[in-house]
Every structure is written in C-alpha cells, then in structure tokens.
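Participant: Turn this into a model:
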Amino acid sequence: MSTEVEITPNDFFSGPDAVEKFEALKTRMIQKSAVVDELAKRGEIVFEKKAGAKLAGEAARQEMLVKAGVTADVIKEWSTTAPIASTAIAQAALTPYDYEAEVLWLVPNDTPIRNSVAREKGVGEGTEYRRLTGISNSRTAGAANVSPYFVSEGTANVTNGVNLNRANIMAEVGDKTWTQYVETGLQSQVSMKYQFAAQGYADIRALSHLALLRSDWFAEENTLLNSTATATSIAGLSATAAASGTGTGLPATTAGAVTVTLSSAWGESQGFSAGTVTVTAGQGIALTFTGTIPAGVVAVNTYFTAAGPVYYKGTTVLTNGTTPTTFSIVSALPSTSADNGSYPNYTFGGTLISNAVAGSVVGYNGMIANFTGANAGYTNVLNAALSTTSPFSELETAFQTLAQTNAARPDTIYTTYSIRGAFWDLLKSGNSGATNFRANFQLGQDGTIAGGAVASVVNQATGDVINVVGHRFAQAGTIVVHSTKVPWADSNVSATIKVKSVVDDMVLDFPQMGMSYDAQTYGYGTALFQAPVLSGCLINVLN
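Facilitator: Numbers count the residues shown, from 1 in each chain. You can find the predicted model right below:
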C-alpha cells in the first residue's frame, strides 16, 4: 500500500523520509514519461526551437478546457436520461418484445412567415437602404401638395434665386436606414454514451441535427413576428391600483403591494409600483395610469403580494387599466430595477444573455414592433372586443386607411386562433338589418356538416380578397394586416420583408470534448422591413 508524500525540491534526498520521497518522485517520473511517450505516439507533443516541448492537437485542446474550468461532467442535452429517460423493462414470459422501429416525430413544422419571406445575400456588418417615400401631390409621407397651374407670361417664380416664369417647384421626402447585422444560433449536445447506446435503433446525432435545425426555424418564425430591438420604456409612467370588478384567484388581503409590468410582443418590461390595495376574495385590481403607454405594448401584467408572502399575477391584453379576470400564483415578483425581457438582451423566456456587449445590438424588430411603430401604415389600439353591431368594421377601417394614405393592398392577416374564431362568431351573431348574415348548411348523405371558419375577408376599399391565417405564435389580442408586396411597378422593392444575411443558417459541428457531440446553428444577418407603411396592426383586441 503506497502513501502520497508531499515533495519539495529542498528535501528530495534529506530527512527521515528521504527514501520514501525518492521512490514517490521516481514513480511520478515514470508515470509522466509514459504519458509523454503516449502523446508522442499520437503526435500530440511537439518540440519547438527555444519553446521546447509543447502540446498539440487533442491534448492541447484538453489542456485549454481544463484551464478554462470545463470538466468532463458537463451536462448533455441529449443523454440516456433526456429527452426520454431509460427505463428497465422486464418480461417474465419467453415472448418477443414489440416496439416501433422509428422515432415518432410529433413536433410540428409550421413556419408560414419564414417560408414566405425573401432571402438575400449580405456583406459586411450591416446594410443600408434609401427610400423615396413621398413627392408633391402623392399625398404620402407628408409631402406638400403643389398646384400645377402657372402663367408663363405672369409674375415670375423664383428658381435657384432667379426670377423665371416657370411652374412651382415640387418637393420630395426620403430617408435612409442603416440596420446592423445580428448573430443568431442555437446549440445541441449529444452524450457520447447515448450515441453509442442507441446504435441499432436511432442515430441520435442525426435526430439532434434535425431538431436543432427545426428549433432554429421556429426561433426565426418567432423573431420575424414578435421580436423587438429595444426595451419597452416605463419612463414617465406611473400607476395607481384600486380594488375593482371581479377576478378569480385573489385571496382577501389588506394593503397588498401591487407591481406592474408592460408586455411587448417579446416579453415583460421593468416593473414599477402601483402602491398597495386591499381586496376581498373575488375582486380584481384596476389600474389608473399617469403618462403614456409606449407603442407596441400588447398586454399589462399586474402582480399582487398577499400574506406569506404569496405572489399572484394577472394579465390582460387591455391597456386602459381594466382588471385582469384571472390571477394565478407565481414564484417571484418581476425586477423593478432592470428589464424583465421585453427585448432580446434576453433570450425568449427571460434568461439574460450574459456575454452580450453592453450597448450592442442583439435583435431586430419583427412585424408587430414595425407595424405599431412610427413608420407603420396603420395602428389601432382597440382596447375592446371586436364590434358585434358592425361586424368587421375594425378591419374595414384598417383597409380603407391603408388604401387612402399609401395605396396599400394587403393580402394576408396573421392573428390568433381565438380572434379568427371570433370572426366566425361575428357572422353567426349578426344583428337584424344591414348587419345580418345568413349561414347555409349543406345536407350530405350522412347528415349536416355544421360549422365554418372565415378563410378570407374582402377589402371593401380595393375589392381584393385577404387571406386570414391563424398563427400559433401570434400574441394575444393582435391582428397583423400585412402587404407582402408593393402593388405598383418600378418600386425596386422585391418584397416588403426580407432576410438579408452574410451567413444564413449554417450548422457547426464542434470537436468532441467533454464526452459529447456538440453542434450549433449560426446566422449573421437581419430582417429588413422596407415598406411598413403598406401594413398595419390592431392590438389590445379582447377576443
């Protein structure tokens, strides 16, 4: 039985334990020599002039990982415990075991927005485009109307500082936009054990690659619709809470603290206090806002602290202070000192990107942010349910405004399944007179097929038919009215939305380390919304 003895250069051969120390040193030197010999056989140790012996190849990478604090017990995403855990199976009888030979893939692959946008090659660190948005008499972009009438023999107009008998001078309006490219990507890890253990049934690395690609596509679908490039500001905004109306979930509490956040299409803003409120069981919490709710806010979140403390959260798509109808227990209150994920300085779901450079651009604006922003063609903060007395009037107003102000002819509506269902309810519940609708049911061989859905809506302003698409990623209470193209020739706009990338969706397979096979998608580009004036958005729709 050997014992480890501490050795220092001064006592290799002195003291009462000199023999033991010498033998320990000799053993370690033999072990080290064997390791060096093995590295030399694999070509992982080299000799350089002046530098001497240096590690190379895999040995150098392992040394780098050790210095970085990375160990072999790094958690693997794909392992024998996840996404499906290994379970011991015992069959008492001498019978065969029957199982399906293929992994059943029940993850959808619906990415209609990503599938429809144009994609172009980019260069550099960003892209710039320049637009002529208005000229005199176009009635767009605020360009002044100028009379075409003049008298060539009358009083002279001033042209370039000279009195000349010429017509009035027209005006032009334009702008230029620089958009920085951003990096995107997701990573997948497969444990080496799992890859080999699954041989004969599935190629786990192949499954991981397929899942990685589809996850990346879903992520882009979400960013194209919901991403925001900047934090939702609460500057100049305050709120006062009061017990009001009815709500489900809140207990009777005296002087419970209320915290409020605003939701962009991406996540929640920094929290701010709305004071305290006393509620009885079954009551809700109404808010009175002072200041202006920022553009693009799709919901208001009310947090309530009851005795314990126990935290409750209620969310409503209305931004007029109306109480949420339901409150549920949550584990913690939002931060009141930092943003809670309203823009992609956080990953979707609220986890901080710890390696983001301060002030760097890490995301772009998607449809909702662009179509509720300053350059949108139409925005309506409805703060109500769709009208039942004048069905589809909200959409008709949007279509008419877009046509009148920018000659827009939208062709697609993206909304929630709940709102799309409400469109059909509007047809069923139409009142008497001019707003009455009739549903005809076809009697088939096996009985009547009842039900229906609104697949498209007629644009009364232009006569076009606009497709209605329910989208799983659409934020509650939102209706996106989108023009996929510019409806006139010679615009030089091939598509109103396009993804421009230096690198578009490549997959990187990293060297094996930590006993895992790691892969990552990588993209470097941005989404360009070059004609937001042709699209619009209705938000805070209570359906």
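Participant: how much space between A144 and V279?
Facilitator: According to Cβ to Cβ, to the nearest Å, A144 and V279 sit 56 Å apart. For the C-beta atoms, the positions are set from N, CA and C on the backbone; glycine is no exception.
Participant: Compare the two (neighbour count), which wins?
Facilitator: Here A144 and V279 are set side by side on neighbour count (other Cβ atoms under 10 Å), and the busier one is V279, at 25 against 11.
Participant: Wait, that one touches S244, no?
Facilitator: No: if you go by Cβ atoms under 8 Å, V279 and S244 don't touch, sitting 9.1 Å apart.
Participant: what sits in contact with each of those two?
Facilitator: Taking Cβ atoms under 8 Å, 6 or more residues apart in numbering as the contact rule, V279 and S244 both touch I285.
Participant: just the helices in the chain please.
Facilitator: Taking DSSP state H, the helices of the chain run over residues 18-41, 57-67, 112-116, 192-197, 204-226, 367-371, 393-406, 417-428.
Participant: Can you pull out the residues in contact with stretch 383-390?
Facilitator: 318-320, 392-394, 419, 422-423, 426, 429-431, 435, 540-543.
Participant: Recalculate using a threshold of 10 Å.
Facilitator: For stretch 383-390, contacts defined as Cβ atoms under 10 Å, 6 or more residues apart in numbering pick out 293, 316-322, 392-396, 419, 422-423, 425-426, 429-431, 434-435, 477, 479, 538-543.
Participant: repeat for stretch 195-204
Facilitator: Under Cβ under 10 Å, 6+ apart, the answer for stretch 195-204 is 78-80, 86, 99, 101-103, 190-191, 194, 205-210, 516-517.
Participant: Check stretch 152-171 too.
Facilitator: Applying Cβ under 10 Å, 6+ apart, the contact partners of stretch 152-171 are 134-138, 142-151.
Participant: coming back round to it: are any of the contacts of stretch 195-204 buried, and which?
Facilitator: Applying 16 or more other Cβ atoms under 10 Å to the contacts of stretch 195-204, the neighbour count classes W78, S79, V190, S191, Y194, R205, L207, S208, H209, S516, Y517 as buried.
Participant: out of the residues you listed, what pair is the most spread apart?
Facilitator: Across those, the two members that end up farthest from each other (Cβ to Cβ) are S79 and H209, 16.3 Å apart.
Participant: what's the domain layout of the chain?
Facilitator: When the chain is parsed into structural domains using automatic domain parsing, the resulting residue ranges are 9-67, 113-129+175-227+363-543, 137-170, 239-330.
Participant: Quick one: those domains as TSV, columns for distance to A338 too.
Facilitator: TSV is the format used below for the domains of the chain (distance: least, Cβ to Cβ, whole Å):
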stretch	distance to A338
domain 9-67	32
domain 113-129+175-227+363-543	17
domain 137-170	38
domain 239-330	6
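Participant: So for S233, which of those domains sits nearest?
Facilitator: S233 lies closest to domain 239-330 among the domains of the chain, at 5.6 Å (Cβ to Cβ).
Participant: if you average pLDDT over the closest one, what comes out?
Facilitator: The average of the pLDDT scores along domain 239-330 is 94.
Participant: chain center to that domain, what's the gap?
Facilitator: Going by Cα atoms, centre = their mean, to the nearest Å, the spacing between the C-alpha centre of domain 239-330 and its chain's C-alpha centre is 24 Å.
Participant: Give me the ChimeraX select line for the contacts of stretch 383-390, limited to the buried ones.
Facilitator: What follows is the ChimeraX syntax for the buried subset of the contacts of stretch 383-390, where burial is set by 16+ other Cβ under 10 Å:
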select :293,316,317,318,319,321,322,392,394,395,396,419,422,423,426,430,435,477,479,538,539,540,541,542,543
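Participant: how close does T305 get to Y311?
Facilitator: From T305 over to Y311 the distance is 6 Å, taken as Cβ to Cβ.
Participant: higher neighbour count, the two?
Facilitator: Under the criterion of other Cβ under 10 Å, the comparison of T305 against Y311 puts Y311 first, with 20 against 17.
Participant: Now do G174 against V533, distance only.
Facilitator: 13 Å.
Participant: which neighbours do these two share?
Facilitator: Contacts common to G174 and V533, judged by Cβ under 10 Å, 6+ apart, are R131, T133, G134, A141.
Participant: Tell me how many other residues crowd the second one.
Facilitator: Spelled out, it's T133. Burial of T133 is recorded as 17 neighbouring residues (other Cβ under 10 Å).
Participant: got it, and the first one?
Facilitator: Counted with other Cβ under 10 Å, residues neighbouring R131 total 18.
Participant: my guess is it meets T496, correct?
Facilitator: No: R131 is not in contact with T496 according to Cβ atoms under 10 Å; the separation is 12.0 Å.
Participant: shared neighbours of the two, anything?
Facilitator: Taking Cβ under 10 Å, 6+ apart as the criterion, R131 and T496 both touch Q530, A531, V533.
Participant: Tell me where the model's unsure across this structure.
Facilitator: With pLDDT under 70 as the threshold, the chain has low-confidence stretches at 1-25, 49-51, 58-77, 90-92, 155-156, 159, 345-360, 430-445, 447-449.
Participant: Now do the same contact list for the residue most central in space within it.
Facilitator: Centroid-nearest residue in the chain, with Cα atoms, centre = their mean: T223, separated by 3.8 Å. With Cβ under 10 Å, 6+ apart as the criterion, the residues that contact T223 are 113-114, 182, 184, 266, 344, 348, 363-367, 473, 499, 527.
Participant: again with V381
Facilitator: 293, 295-298, 318-320, 372, 537-541.
Participant: try 7 Å
Facilitator: Applying Cβ atoms under 7 Å, 6 or more residues apart in numbering, we find V381 in contact with T319, I539, N540.
Participant: in the sheet, who's paired with the second one?
Facilitator: Using DSSP bridges, the beta-bridge partners of I539 come out as V381.
Participant: taking the contacts of T223 one by one, which sit in strands?
Facilitator: With strands taken from DSSP state E, the overlap with the contacts of T223 comprises V182, T184, V499, A527.
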